[in-house]
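Visitor: one predicted model, sequence on top.
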Amino acid sequence: MRGFTHKVNIPKFYYGYVIVIVFFIMMVLGWGMFYIYGVFFRPLMEEFDWTRAITSGAFSMSVLVSGIIGIIAGRLSDTIGPKKVIIFCTCLLTLGYGLMIFVQSTWQFYFLYGIIIASGVGGFWAPQVSTVARWFVKRRGIMTGIVSGGISFGTLVLPLIVTRLIDVFNWRMTYLIIGIAIFVIVMAAAQFVKSSPPKMSLLPIREINNEIQSRTRILNFSFQEAVHTVQFWMVTLIYVCFGITQLTVVVHLVPYATGIGISSLGAAGVLSVIGGISLAGRIIIGLVSDKLRVKTSTILSLGLMIVSLLWLLQADSLWKLYIFAVVFGFGYGGLSCLQSLIAAELFGLISLGVITGIFSLSFNIGGAIGPVIAGHIFDISDSYLWAFLACLISVIIALAICLSLKPPGKKPQVDQST
């Protein structure tokens, strides 16, 4: 039987850590840049004489499109591997940002930002987080937290950099610079992407935890089976509510701050604090989820967001906004990193990419709804009070759903022939 023995390569350095570093960089430049749209908000509004609803609409459209593309990207990552998906989406993202320099009308901006850029950034989530889940078992939570923390790091460092670029050049040239930087850095990083340990004749031996691994094996739901569980739709609704809140805050916090007399640099600083603290939230909550159930981490994150939004309703000065940024950033960062972990814990790994893509789309649906409605509310009331109150209600609904969430029982019998 010796000839049939499978030899496993056990290197001194585990390649999974390279995967984490590479994906962290991609998150910084992909979603980190995407989420600082608020920095461009006023320059766009002033140049084109748009209302806040119209200015928000381009971002809302892009969020929805990126979510739809995210499902396709997740499915393709499950079948052809993440590297090809990432390279193609990077080219789209670069093209969209580069062509911004030629924008002269509303429809052109909506087309580039809402379709081309959105399609590009749609490939910067499900392929990455589902791949990390395949490389790590015992440390899946902390490693996913680090990877998704690239978004937080991006929103920490990029607002001040981009604000400075806009001041020195203009928003058009800034977008061109962004596109070039993304192409050069991400294309180089993509060369290190490997879809899973078996592709390199490796097994995640140093990461194996028998209890978690056996549970993952038992819960290998197909996509069709997962969709037929109530838990799938409960998590989907949680992320719709989360998307409404997070992206409303990300898009409108800077305009709100400048509207109450805070300088544009100070307002960008508040956004940076949210990014920095959310990095800590992603890593710490990811670590907690390795020790406790993912549900516990989700409840903690939603609770922090509720507290922060209650504070935001009366925050009318810079120091109050900084307090909001700390609490909200930690809560939202934690909840962001749990998306693929919830999917893996409830449904296993075989369809993790596409299930994560669906949860991402649900987040993006909420994110498409929230900012444009908040902009419309401001346009008719000249206040963000009701918009922020709607965010608070959304998070309370998400918490109520999470409290009643239980693991699925037996896998539903689904006709696979249809």
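Guide: Nice, I can see it. Residues are numbered from 1 along each chain as shown.
Visitor: where along the stretch 1-150 of the chain do the helices fall?
Guide: 16-29, 31-34, 37-48, 52-79, 82-99, 106-111, 118-121, 126-135, 140-168 (DSSP state H, counting those that start in this stretch).
Visitor: dump these to a markdown table, plus mean neighbour count, mean pLDDT and distance to residue 195.
Guide: All C-beta spots, glycine's among them, are computed from the backbone N, C-alpha and C. A markdown table is the format used below for those (neighbours: other C-beta atoms under 10 Å; pLDDT from 0 to 100; distance: least, C-beta to C-beta, whole Å):
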| stretch | mean neighbour count | mean pLDDT | distance to residue 195 |
| --- | --- | --- | --- |
| helix 16-29 | 22 | 92 | 9 |
| helix 31-34 | 23 | 88 | 21 |
| helix 37-48 | 19 | 86 | 31 |
| helix 52-79 | 24 | 85 | 8 |
| helix 82-99 | 21 | 94 | 6 |
| helix 106-111 | 15 | 92 | 33 |
| helix 118-121 | 26 | 94 | 20 |
| helix 126-135 | 28 | 84 | 6 |
| helix 140-168 | 23 | 84 | 15 |
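Visitor: please name whichever of these is nearest to residue 362.
Guide: helix 52-79 (7.5 Å; C-beta to C-beta).
Visitor: what helices and strands are in contact with that closest one?
Guide: Judged by 3 or more C-beta pairs under 8 Å, 6 or more residues apart in numbering; DSSP states H and E, the packing partners of helix 52-79 are helix 37-48, helix 82-99, helix 106-111, helix 118-121, helix 126-135, helix 230-259, helix 352-381.
Visitor: which one of those helices lies closest to residue 286?
Guide: Comparison of those against residue 286 by C-beta to C-beta identifies helix 126-135 as nearest, at 10.5 Å.
Visitor: roughly how far is that closest one from the heart of the chain?
Guide: 13 Å (C-alpha atoms, centre = their mean, to the nearest Å).
Visitor: flag the shaky bits of the stretch 301-418 of the chain, pLDDT-wise.
Guide: 409-418 (pLDDT under 70).
Visitor: what about the helices in it?
Guide: Under DSSP H, counting those that start in this stretch, the stretch 301-418 of the chain gives helices at 318-337, 339-347, 352-381, 385-403.
Visitor: in the second one, what counts as buried?
Guide: In this case it means helix 339-347. Of all the residues in helix 339-347, those buried under the rule 16 or more other C-beta atoms under 10 Å are 339, 340, 341, 342, 343, 344, 345, 346, 347.
Visitor: any figure for the gap between the second one and residue 103?
Guide: Applying C-beta to C-beta, to the nearest Å, one obtains 35 Å for the distance of residue 340 from residue 103.
Visitor: among the helices of the stretch 1-150 of the chain, which comes closest to residue 375?
Guide: Per C-beta to C-beta, nearest to residue 375 of the helices of the stretch 1-150 of the chain: helix 52-79, 3.7 Å.
Visitor: so how far is the closest one off the chain centroid?
Guide: 11 Å.
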